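Undergrad: let me see the structure of the following:
(chains A and B)
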Amino acid sequence: MTRRGFLKGSLGVGASTALLGRVPAPSAAEPGGSVAGKDQVLVETTVNGKPVVANTHQDCSALDLLRDHLGLTGCKKACQQGSCGACTALVDGVPTHTCSMPATSLQGRSVTTIEGLGPELHPVQRAFLANDALQCGFCTPGFVLAGVAFHDRWRAQHGKAEPSKDQVAAALAGHLCRCAAYDGIFRAMVQACAGLHDGDLSIFPRRDGLEKVTGKALYTVDIRLPGQLEAAVLRSPHANATLLDLDLSPARAMPGVKAVIALAQPGSRVRYAGQEIAAVAATDHRLARQAVQRIQASYDVSKPVVGFDAALAPDAPLVYDTSHRGAPVVNEVMATPARWDGNRRGPFATSIFLSHRLAREGVESARQGRGTLVHERWETGTQCHSTLEPHVAVAHWTAPDSLLLHLSTQACSSMAMDIARRWGLRESQVQVQCSYVGGAFGAKATLQPETIVAVDLARETGAPVRFALDRDEELVVGGSRPAVRMDLALAADESSALSGMDLLAESDSGVSIGNTVGLMFRLMYHNRRKRLRDYDVLTNAPPGRPFRGPGGPPAYWALEQAVDELATRMHRDPVSLRRAWDRNPARLRLYDWVDSLPAWKGRQSSARQGGRFRRGIGLAAAGWFYFFAPGTQVRLDAEPDGSIRLTCATQDMGNGTRSAMAQAAAAVLGIPPDRIELSIGDSRAPFGPSSTGSQTTASVLPAAQHAAEQLRDELLDVARHRLGLSQVQAVAGGLEHSGGRLAWKDLLSHCQPLSFVGRRQKDRGGATLLGNRQSRLGRGQAGAVQLSEVEVDTHLGTVRVLRTWTGIGSGRILVPQLALSQVYGGIIQGIGYALYEDRRLDPSTGLQLTTGLDNYIVPVLADLPEMHVHFDEDGFEYVRGGSVGLSELATLAVAASIGNAMHNATGKRFRRIPLRPDRVLEVLQS
Amino acid sequence: MVFPTTIQQAAARPGIIRAGGTDLLDLARRAGISGPVVDLRDVSGQRNIQATEDGGLRIGGLVTLASLADDPQVAAMYPAVSLAAASIAGPGIRAVATVGGNLLQEVRCWYSRNPHFDCLRSGGRACWARMGDNLYHVAFDREICAAPSPSTLALAFVAHDALLETHDAALHPISGLHKVFDRQKRTQAGRPVLAAVILPAPSEGQLSSYLRVSARPLADWPLVELALRMDLAGGLVREARLVLGAVSQSPLRIPAAERALVGWAPGSFPPQEIERAIRDSARPLPMTSYKVDLAAAAVRDGIMAALENPP
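TA: This next block holds a predicted model:
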């Protein structure tokens, strides 16, 4: 074990490379080859049709050259090792992962980046827009370029024939979309190849789609301010240690290093490998990394606690030995007080209105033969968010008391408030900007070290500072869904009523606390006979963060398989048992839909299958809370020229906020949504919701609608009183009066500029008392049912999901194509969770082993199943706008439905995810 | 760094030999340091696939994986080589990565690539994987370092008894890959540089195949991989090569299984005998016994696949 700097890789070789313009080519080869300085070399190449000569470093990648020196930010840096394809450019027409190609190899080659397509949109770009083949858009330029090359070759060879899914998947292998827009991407490729997008651009649903398919969307990683410095962080290589000594002076002495700050003080405890120790700002990233390596840190190293068993062993070292104050909280909500017992904290009992005694009696009674009992241990792995755009902040103090912060965040408004509080500023002195966010999934909602580092270093240096995590850092400290193990006893009495649910859930979210897996068990199957206990198990691992439906996927993995098992043992149909237990109106309707599906009705029992490949279908149900942000405001500005703009300090991380806002206002006015301009992603705008808890739509939609209603009413007034028209009434696109029609645009030309603030008005019947202006729990819950069909290769232990059917009950669907994209993404992320995603730590040191997207495996296009989605739009009429969120709902029950499908296919119960081949074979052989 | 124009010049220069560079960039990034580089960018030869006088093929060391996978001659003569090349990474990497780089890449062990672990490969004295998380390591344990051989192509070349041609025109059997290209000397001037891989002429009616087992369907590392070649005489197997990958420190031939195939007609092999031969040679680590099961299953499927893809 060395004490070299943690994760010190990642030379962002860039800055030593300077673009020189047109200069003579390198001198001719001397014997033994041409020599171009010690490690510098001139490269002469052609980029987007223009000759380029650049002085580059031997370890500089083609991506560094394109991005950092030519400013072609459509090429994205994401995995840094050729696994994700976000950096793709065409090199002599061939799609190439430029992060894994030396810049020197561009000598004499011709490069086309996304910026070099056009000026007309390519049919593939039009097809991507029409099929909504994107969400956050960060991977999109790479997919588009690979798609363009495939399309052009295909059309030349096959005319307008449609390629197969296997052919498209093979062409796009090595491209990752973390939002999992694979269904749209596949459809787009087939349609483009079939010639369906050779003509003009048709209307498309995603408001910021054009910027994303052309690479024009600027993400926080793409921001470059004049004089901007780059930051790097020294991280602890030890999971459990005390920092003894920290000497920053060798780093400070390096030319080009502008500031070095300590993030931990000698004497302080280090509780996980990767914890921040010190930070450097330097003129370029490569230099900053080198300076980090010069920092001298010494530690008193102790044995770390890695995993549940080590944490709960009788002689385990304590993760929090003296004080646990300041322990980070894993969820967005405050952790409720709980007892600490060694490395175990809890129980957090979800017990109001529940009866522990009745639960235990029910379980005991079933155990003794009066009824049926399923009592099992269920386990889930740790899942990393690994958004393709890493955590990144660019901080710029424009005055001593004024901060401009470009930030990749899902909480524009509330982040500005948190920042103002931390640095003692007024909210008006902080401006957070996040026009485009390259994925978040829960990991970018709160103030984290990457922001603090950038802001502090910017203050120290007086210059703008960018801090972007490298992929290995992103996978280690960028956030994860905790591993959970659940001991669940589920009992039904002789009339098959739910008679007892006894849960003991333990979550390993590293050094963080506040896990609430039990809440899901409370939410489902309304019944008092429940005993739900949540424990945090503290380990020397990085803190967890909220991940799309926090607590949900693990909870349903256990609960919905237990319900299925109980139904099997009682010889009950799984739908009819759930229907008998469930009271959620949305799900009760969705059960009828399940019963109507031919695939479900015709499913085979495992006993009737033989041979190598076994197929099965499984059902799981899920519920999710309805949150909204009561303080949401949307400003509407209407100009005499007829333009209408909506402004709100919310953000679009791929969830479609822009499109939903425009659609809501457009529906009131009866105009096409593309007539409405949008301005989001700036905290100086009126308060907007954070994109957490699936609350964005339920917050911005009613506020946008309210703003548009005010405009409509004002214009009706203008018509009646100022223009003196009679029998005035609103119609689509304008108004009708006794003398004819007037468009809104015509009316606006009679007005001064108008401005209205739309508010998120109360629901009929009000909301619950839980929450505040930023987020409140509404009444009622969204419901979902999920069916998955799997094929298990019993020889190789591999599992493929072939088809899925998803029923969503979350009220009115505003923009159907974008809602579908959200659901599809949730399903495929759920497939990744069930089959592949598996953060691994070395058991003896606690150092993370899965530090790249080559060994932290996420789904690819080849994993795309045939997906069917049904929206039940009833039941939320009392909610303003009629919609509650669905983003989290879509992913909750996927793993559980796969587990039940595995049982249907093989007759075996799989209790641990991910379903790696080694585990599948082990269970099949048992 | 230097840009020699011939591989003979390259051999005379100190530094790490860089062909496609796909992995060396990542290694330099992770390590935070890099030494001198001998970049083969300007080497004009060794980029072709040519017929040899005896009816085989000579594959230049700088041929990209994409060119190898797309070559119709290779596909017709050596299906195992073609399938193996096409299974590696994704097209965006295959466009750049080379035959030589694939054969001589560093292992993919998550300990040896992590700069915080000093292991046998970086001058340390212990193998962390052996004591730690070895889920993706060897199951046919033959050497101290527990990392499996990372080269998919090596497997297919071993199945075909390929020869390695070095810069000095010397020929070496592929089985000596790591002796010829000694990792300890990889930056020293005078170490050999790979010129080409020579595939001997396929025999009449030769069957061959490559099969890869991964968790994810595409662009994933193999858990187990298999290359198989069978030469027939009079409708019976005369000679066989059965080579397993991702399970041992080198591409692993299973001689007992090869012998078990000899003398049988394709499609009528003794499956128990072959499986026993595989299981008998296994030496799994605590977490890799599943790879033995996968290898046994892969061999069954690989034989079937070879029969389905006659040349």
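
Undergrad: pull the longest helix from chain A.
TA: helix A:696-717 (DSSP state H).

Undergrad: show me what it is packed against.
TA: strand A:613-628, strand A:633-638, strand A:644-648, helix A:657-669, strand A:729-731, helix A:744-748, strand A:754-759 (3 or more Cβ pairs under 8 Å, 6 or more residues apart in numbering or on different chains; DSSP states H and E). To be clear about C-beta, it is placed using only N, CA and C from the backbone, and glycine gets the same treatment.

Undergrad: which one of those lies closest to A:V52?
TA: helix A:657-669 (35.1 Å; Cβ to Cβ).

Undergrad: can you map out the strands along the stretch 101-250 of chain A?
TA: A:110-112, A:229-235, A:241-247 (DSSP state E, counting those that start in this stretch).

Undergrad: now do the second one and strand A:241-247, the angle between them.
TA: Strand A:229-235 and strand A:241-247 are oriented at 130 degrees to each other (axes from the mean of the first three to the mean of the last three Cα atoms, to 10 degrees).

Undergrad: partner strands of strand A:229-235 and their direction?
TA: strand A:276-282 (antiparallel), strand A:465-468 (parallel) (DSSP bridges).

Undergrad: centre of the chain versus that strand, how much separation?
TA: 24 Å (Cα atoms, centre = their mean, to the nearest Å).

Undergrad: now that strand: mean pLDDT?
TA: Across strand A:229-235, pLDDT averages out at 98.

Undergrad: before we move on, what SS does the residue most central in space within chain A have?
TA: By Cα atoms, centre = their mean, chain A has its centre lying nearest to A:F441, at 2.5 Å. Classification of A:F441 by DSSP: H, G, I helix; E, B strand; the rest coil places it in coil.

Undergrad: got the contact list for it?
TA: For A:F441, the contacting residues are A:R178, A:H385, A:T387, A:F547, A:R548, A:Q829, by Cβ atoms under 8 Å, 6 or more residues apart in numbering or on different chains.

Undergrad: likewise A:A558?
TA: Contacts of A:A558 (Cβ under 8 Å, 6+ apart): A:E376, A:W378, A:M486, A:L488, A:L503.

Undergrad: closest to chain B among these?
TA: Among the contacts of A:A558, A:W378 lies closest to chain B (Cβ to the nearest Cβ), at 20.9 Å.

Undergrad: re earlier: quick one: closest of the helices and strands packed on helix A:696-717 to chain B.
TA: Closest of the helices and strands packed on helix A:696-717 to chain B is strand A:613-628, at 11.8 Å (criterion: Cβ to the nearest Cβ).

Undergrad: pull up the pairing partners for that closest one, direction included.
TA: strand A:776-793 (antiparallel).

Undergrad: so the strand it pairs with versus helix A:696-717, what angle?
TA: Using the same axes, to 10 degrees: strand A:776-793 against helix A:696-717 is 130 degrees.

Undergrad: what mean pLDDT does strand A:776-793 get?
TA: On average, strand A:776-793 scores 96.

Undergrad: A:V330 contacts A:S509, correct?
TA: Yes. When contacts are counted by Cβ atoms under 8 Å, A:V330 is listed as touching A:S509 (4.3 Å).

Undergrad: which of the three states applies to A:H406?
TA: strand.

Undergrad: verify the stated contact: it with A:V394.
TA: Yes. With contact defined as Cβ under 8 Å, A:H406 counts as touching A:V394 (4.1 Å).

Undergrad: which residues do the two both contact?
TA: A:T220, A:I223.

Undergrad: secondary structure element for A:W397?
TA: For A:W397, the element it lies in under DSSP states H and E is strand A:392-399.

Undergrad: what residues sit buried inside that strand?
TA: A:V392, A:A393, A:V394, A:A395, A:H396, A:W397 (16 or more other Cβ atoms under 10 Å in any protein chain shown).

Undergrad: show me what contacts the fourth one?
TA: The neighbourhood of A:A395, defined by Cβ under 8 Å, 6+ apart, consists of A:403-406, A:451, A:454-455, A:457-459, A:464-466.

Undergrad: residues of the stretch 101-250 of chain B that sit close to chain A?
TA: Neighbours of chain A within the stretch 101-250 of chain B, by Cβ under 8 Å from any Cβ of the partner chain: B:108, B:110-111, B:114-118, B:128, B:131-133, B:135-136, B:213-221, B:223.

Undergrad: sitting in strands, which of the residues you listed do you find?
TA: Among those, DSSP state E puts B:V213 in strands.

Undergrad: from the residues of the stretch 101-250 of chain B next to chain A, which would you call buried?
TA: Buried residues within those, defined by neighbour count using 16+ other Cβ under 10 Å: B:108, B:110-111, B:114-118, B:128, B:132-133, B:135-136, B:213-221, B:223.

Undergrad: show me the residues you listed that map onto helices.
TA: Of those, the ones assigned to helices by DSSP H are B:W128.

Undergrad: about what we covered before: now the angle between strand A:633-638 and the longest helix of chain A, please.
TA: Using the same axes, to 10 degrees: helix A:696-717 against strand A:633-638 is 40 degrees.

Undergrad: quick one, helix A:696-717 and strand A:644-648 angle?
TA: Using the same axes, to 10 degrees, helix A:696-717 lies at 140 degrees relative to strand A:644-648.

Undergrad: mind listing what's buried along helix A:696-717?
TA: For helix A:696-717, by 16+ other Cβ under 10 Å, it's A:696-712, A:714-716.

Undergrad: can you pull out the strands in the stretch 51-200 of chain B?
TA: Counting by DSSP E, counting those that start in this stretch, the strands of the stretch 51-200 of chain B are B:57-60, B:163-166, B:171-173, B:194-199.

Undergrad: so which residue of chain A comes closest to chain B?
TA: Counting by Cβ to the nearest Cβ, chain A gets nearest chain B through A:G174, at 1.9 Å.
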